[in-house]
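*Asks:* sequence isn't available, so here's the structure alone:
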């Protein structure tokens, strides 16, 4: 959730219809796991029963760095809820240590507590009657769509997944998808030369032509989002995209994460309050 907001994509999205969402909590959550993932990410496991039980697919949390952590950042950091495990009372966050705040977060040890606010935001909507979905994520963007995979699997909806990264070691989600029983996974990388958008698009168009998905969920790449929109237009599928943005509060108070989308109101939709998940118009398939 910490990549800069893409203005080229953000000015094209449409807020999803209002939906009920859980009230966020403000809690001290115990770190019960914290380990490197691949060559550039970290998996943070938090004891957070209320969030694990209530978080919706695509929602996020704001994590504050402890005061005694060296080089801590004053502002909390938005993190997508990667996995929800309500039976265990835990949530998992996968993040990249890019800025000062996330680098400081890597120093938090198992057994320490983190101040966490959440769940926050407008998540993905899995429509009744959907039989198949396509989920697409690039890099850390896979974390934002994994909740949609969990929901689809839990309701018997077939999932076709694309996870993309620079290298094989940087791929996020293959283990989670295997755990969830997703069999149709397209893992592509720059180093293998199979992650180019036209290549991915041709494979998906060919493999799914006979029985295309009714919904597409995407995060992490403008180019992949545009591909999903083109495929959605071809298939008559509805496309939802999770936008990434810097956030100061995550609650809609600071108005610092407005999109550039045109509205009839006085301000563009906010990523934190109206999103992070939005509809990406495809034409006739839109609701």
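*Replies:* Yep, that arrived. Since the model is a prediction, treat every value here as computed from it, not as a measurement.
*Asks:* gap between residue 86 and residue 51?
*Replies:* 9 Å (CB to CB, to the nearest Å). Any C-beta I mention is one placed from the backbone N, CA and C, and that applies to glycine too.
*Asks:* low-confidence ranges in the stretch 1-150 of the chain?
*Replies:* Flagging of the stretch 1-150 of the chain using pLDDT under 70 yields the residue ranges 1-8, 67-74.
*Asks:* quick one: the strands in it?
*Replies:* For the stretch 1-150 of the chain, strands defined by DSSP state E, counting those that start in this stretch occupy the ranges 14-15, 25-37, 41-47, 60-64, 77-80, 83-85, 90-96, 113-120, 132-138.
*Asks:* let's have those strands in CSV, adding distance to residue 192 and mean neighbour count.
*Replies:* As requested, the strands of the stretch 1-150 of the chain are exported to CSV (distance: least, CB to CB, whole Å; neighbours: other CB atoms under 10 Å):
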stretch, distance to residue 192, mean neighbour count
strand 14-15, 35, 17
strand 25-37, 19, 15
strand 41-47, 19, 21
strand 60-64, 30, 25
strand 77-80, 26, 26
strand 83-85, 26, 20
strand 90-96, 21, 23
strand 113-120, 35, 22
strand 132-138, 14, 25
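*Asks:* adding distance to residue 230, write those strands out as a markdown table.
*Replies:* A markdown table is the format used below for the strands of the stretch 1-150 of the chain (distance: least, CB to CB, whole Å):
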| stretch | distance to residue 230 |
| --- | --- |
| strand 14-15 | 17 |
| strand 25-37 | 31 |
| strand 41-47 | 29 |
| strand 60-64 | 27 |
| strand 77-80 | 25 |
| strand 83-85 | 30 |
| strand 90-96 | 28 |
| strand 113-120 | 31 |
| strand 132-138 | 12 |
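*Asks:* minimum distance to residue 227: which of these has it?
*Replies:* For residue 227, the closest of those is strand 132-138, at 7.8 Å, according to CB to CB.
*Asks:* first-to-last residue distance for stretch 170-187?
*Replies:* End-to-end distance of stretch 170-187 (CA to CA, to the nearest Å): 11 Å.
*Asks:* please apply the same query to stretch 171-181.
*Replies:* 18 Å.
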